[in-house]
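Peer 1: Any chance you could fold what I've pasted below:
(chains A, B, C and D)
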2 protein chains.
Amino acid sequence: MRLVIAQCQVDYTGRLSAHLPWAKRLIVVKADGSVSVHADDRAYKPLNWMSPPCSLTIREPDADEACAVPALGARVQQVWEVDAVTGDHLQILLGDVDLDVTEDLGVDPGLQKDGVEAHLQELLAENPEAFGDGWSVVQREYMTPIGPVDILCRDAEGTYVAVEVKRRGEIDGVEQLTRYLDLMNRDHLLGGHVQGVFAAQQIKPQARTLAEDRGIDCLTVDYDALRGMDHPEERLF
Amino acid sequence: MRLVIAQCQVDYTGRLSAHLPWAKRLIVVKADGSVSVHADDRAYKPLNWMSPPCSLTIREPDADEACAVPALGARVQQVWEVDAVTGDHLQILLGDVDLDVTEDLGVDPGLQKDGVEAHLQELLAENPEAFGDGWSVVQREYMTPIGPVDILCRDAEGTYVAVEVKRRGEIDGVEQLTRYLDLMNRDHLLGGHVQGVFAAQQIKPQARTLAEDRGIDCLTVDYDALRGMDHPEERLF
DNA sequence: GGGTGCATATCGCTG
DNA sequence: CAGCGATGTGCACCC
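Peer 2: The predicted model follows:
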């Protein structure tokens, strides 16, 4: 990883065009080939970047570029050209350099996450009684031509129920489930009528209203309680 | 901006839980208060971070934490605690420090962008003949109770047309326009029938199929050509 | 502050 | 490779 703090001017052309006037910024070159240009705000988001795969070429400024004066009495020291196979291009003109360090970080052992939608789905699939007495799971990630239904269940009467699981239930999730239901209701193998359940840790009022208007049941899920019902020894950490 | 490269172990609890085992990483503290932990890959995305507003407290390790040995012969030097008002918490245990520099970057003059959806919408609103002869613009960002329609037009026959503009036309955009049309078709002030146009630089086949199935017309827009029809002297750069 | 939509979104999985 | 969905999405804008 290489860290450079320098006066710079940046131009990007690709999916859009963007221009950064002269200012002092941080430039990060990672081992994966990525290049990012950061200001002292915007949290972790850079002002400009190039994602790998891309190639970085560093060269002397030509006569024309040397005239692009970063500050009074200063001059352009280097020109960085970053090219991606997609045609995206990032050009960085560098003036005075305040920091230029390179450190080998090695490969990161990686990130362990807990509490994402996949875990919620897993817990619900293992505890279908959370939906109601006599419910059973037919299949997780039940594939339809337009995407996978999170959990396909049958209720106590044997009716098929498509369950859409979300951490936060918003209007998009209801639209998604509606598309699945429209399709599944045309499938005679599923009995001609598939019920819908929208399950989330938190359901926005507008999403609930839309769901109920479409005959979809809503279930608010307590992740920690459900986790407690499960096997505590299987927790990640 | 403060840049630290050090052996570290990171734990995050908030919207989810996440754990990073000991490894050498880059830690960035920006003037906006944000803290990001980077590995040497994942392009500009950090492994873990805290967004402002948040507070950073640096302290000595207690007896318990000192036992968390980062590497053979090393010991925990510092503990960083980052807290957000939302209750989110980030804890970083630091071992050996390889780099610790602080630089004042000042306020960034900012970013100029060209070619995003807003520009496309602007160009189309100024050139409604792109939709067809005799078309006129009624209003941009026409408000409905569920959100703004990008452009409301009338065609040569005087029929109202809701135009949804996207850089890349995908299925979500068709759903969005459909919701607007459902609502507007109940509005007698708009003549009881509002036509739909889905305009984008590129329209995915599935989005096109869905749109046509719903009676929505598709228009592929050439941004550069449209820009040429417009006033070249008004270009950003 | 909630609702809505845009983003150079990025990333991972599946077919 | 495309399609689809999740993301600690983040962010701006508007009511």
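Peer 1: biggest helix in chain A by residues?
Peer 2: What stands out as the longest helix in chain A, according to DSSP state H, is helix A:171-184.
Peer 1: ok now that one, how far from the chain's centre?
Peer 2: Mean-position distance between helix A:171-184 and its chain equals 21 Å (C-alpha atoms, centre = their mean, to the nearest Å).
Peer 1: for stretch A:118-133, same thing?
Peer 2: How far stretch A:118-133 lies from its chain's middle: 24 Å, per C-alpha atoms, centre = their mean.
Peer 1: For that stretch, which residues meet the burial criterion?
Peer 2: A:His119, A:Leu120, A:Gln121, A:Glu122, A:Leu123, A:Leu124, A:Ala125, A:Asn127, A:Pro128, A:Ala130, A:Phe131 (16 or more other C-beta atoms under 10 Å in any protein chain shown). C-beta coordinates here come from the backbone N, C-alpha and C atoms, glycine included.
Peer 1: Okay, the last one and A:Glu175: tell me how far apart.
Peer 2: Here A:Phe131 is placed at a distance of 21 Å from A:Glu175 (C-beta to C-beta, to the nearest Å).
Peer 1: A:Leu56 contacts A:Val79, correct?
Peer 2: No - the criterion here is C-beta atoms under 8 Å, and A:Leu56 misses it with A:Val79 at 11.2 Å.
Peer 1: From the geometric centre of chain A, which residue sits farthest away?
Peer 2: Most distant from the centre of chain A: A:Gly73, at 44.1 Å, with distances by C-alpha atoms, centre = their mean.
Peer 1: Next, the contact list for that one, please.
Peer 2: Under the criterion of C-beta atoms under 8 Å, 6 or more residues apart in numbering or on different chains, the contact list for A:Gly73 is empty.
Peer 1: Surely it is within a helix?
Peer 2: No - using DSSP: H, G, I helix; E, B strand; the rest coil, the secondary structure at A:Gly73 is coil, not a helix.
Peer 1: Between the buried residues of stretch A:118-133, which sits nearest chain B?
Peer 2: Each of the buried residues of stretch A:118-133 was checked against chain B using C-beta to the nearest C-beta; the closest is A:His119, at 8.8 Å.
Peer 1: Without its sequence neighbours, what residue ends up closest to that closest one?
Peer 2: Using C-beta to C-beta, 6 or more residues apart in numbering or on different chains and skipping residues adjacent in sequence, the residue nearest A:His119 is A:Tyr223, 7.9 Å away.
Peer 1: can you count the residues close to that neighbour?
Peer 2: A count of nearby residues for A:Tyr223, using other C-beta atoms under 10 Å in any protein chain shown, gives 16.
Peer 1: Which of the buried residues of stretch A:118-133 fall within strands?
Peer 2: Taking DSSP state E, every one of the buried residues of stretch A:118-133 sits outside strands.
Peer 1: and the two most separated of these?
Peer 2: Pairwise distances across the buried residues of stretch A:118-133 peak at 17.4 Å for A:His119 and A:Phe131 (criterion: C-beta to C-beta).
Peer 1: other SSEs contacting the lowest-mean-pLDDT helix or strand in chain A?
Peer 2: Within chain A, no helix or strand scores below helix A:223-229, which has a mean of 82 by mean pLDDT, DSSP states H and E. Other helices and strands packing on helix A:223-229, by 3 or more C-beta pairs under 8 Å, 6 or more residues apart in numbering or on different chains; DSSP states H and E, are helix A:117-126.
Peer 1: The helix it packs on close to DNA strand C?
Peer 2: No - using C-beta under 7 Å from any atom of the strand, helix A:117-126 never reaches DNA strand C; the gap is at least 8.9 Å.
Peer 1: for the record, mean pLDDT for that helix?
Peer 2: Regarding helix A:117-126, the rounded mean pLDDT is 92.
Peer 1: Quick one: residues contacting the spatially most central residue of chain A.
Peer 2: Nearest to the mean C-alpha position of chain A, by C-alpha atoms, centre = their mean, lies A:Val116 at 12.0 Å. Contacts for A:Val116 (C-beta under 8 Å, 6+ apart) come out as A:Arg167, B:Leu16.
Peer 1: coming back round to it: the least confident helix or strand of chain A and DNA strand D, any residue contact?
Peer 2: No - Helix A:223-229 stays clear of DNA strand D (C-beta under 7 Å from any atom of the strand), getting no nearer than 11.7 Å.
Peer 1: got it, and stretch A:42-57?
Peer 2: Yes - legend: contact between stretch A:42-57 and DNA strand D by C-beta under 7 Å from any atom of the strand is shown at A:Arg42, A:Ala43, A:Lys45.
Peer 1: And for stretch A:85-99?
Peer 2: No - using C-beta under 7 Å from any atom of the strand, stretch A:85-99 never reaches DNA strand D; the gap is at least 8.5 Å.
Peer 1: Run through who's touching the least confident helix or strand of chain A.
Peer 2: Residues outside helix A:223-229 that contact it (C-beta under 8 Å, 6+ apart) are A:Gly115, A:His119, A:Leu120, A:Leu123, A:Leu124, A:Asn127, A:Ala130, A:Gln201, A:Arg235.
Peer 1: Would you agree the third one is in contact with A:Arg167?
Peer 2: In this case it means A:Leu120. Yes - contact criterion C-beta under 8 Å: A:Leu120 and A:Arg167 qualify, at 6.5 Å.
Peer 1: thinking again about what came up before, buried set for the least confident helix or strand of chain A?
Peer 2: By neighbour count with 16+ other C-beta under 10 Å, helix A:223-229 contains the buried residues A:Tyr223, A:Leu226, A:Arg227.
Peer 1: Output the residues you listed as a markdown table; include the columns distance to A:Leu183.
Peer 2: Formatted as a markdown table, these follow (distance: C-beta to C-beta, whole Å):
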| residue | distance to A:Leu183 |
| --- | --- |
| A:Tyr223 | 29 |
| A:Leu226 | 29 |
| A:Arg227 | 32 |
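Peer 1: If you rank the residues of stretch A:42-57 next to DNA strand D by neighbours, which is first?
Peer 2: Using other C-beta under 10 Å as the neighbour test, those are led by A:Ala43, with 18 neighbours.
Peer 1: what residues are up against that residue?
Peer 2: Residues near A:Ala43 by C-beta under 8 Å, 6+ apart: B:Lys30, B:Asp32, B:Ser34, B:Ser36, B:Trp49, B:Ser51, B:Pro52.
Peer 1: Could you do A:Tyr180 as well?
Peer 2: A:Tyr180 is in contact with A:Thr144, A:Ile146, A:Gly147, A:Val149, A:Ala162, A:Glu164, A:Gly196, counting by C-beta under 8 Å, 6+ apart.
Peer 1: Can you tell me who the fourth one pairs with across the strands?
Peer 2: Residues in a beta bridge with A:Val149, per DSSP bridges, are A:Tyr142.
Peer 1: What is the neighbour count of it?
Peer 2: For A:Val149, using other C-beta under 10 Å, the count is 28.
Peer 1: Cross-check the contact I'm expecting between A:Ala68 and A:Gln9.
Peer 2: Yes - counting by C-beta under 8 Å, A:Ala68 touches A:Gln9, with 6.5 Å between them.
Peer 1: Need the overlap of contacts for these two.
Peer 2: Taking C-beta under 8 Å, 6+ apart as the criterion, A:Ala68 and A:Gln9 both touch A:Leu93.
Peer 1: If anything else comes up later, I'll come back, but that's it for now.
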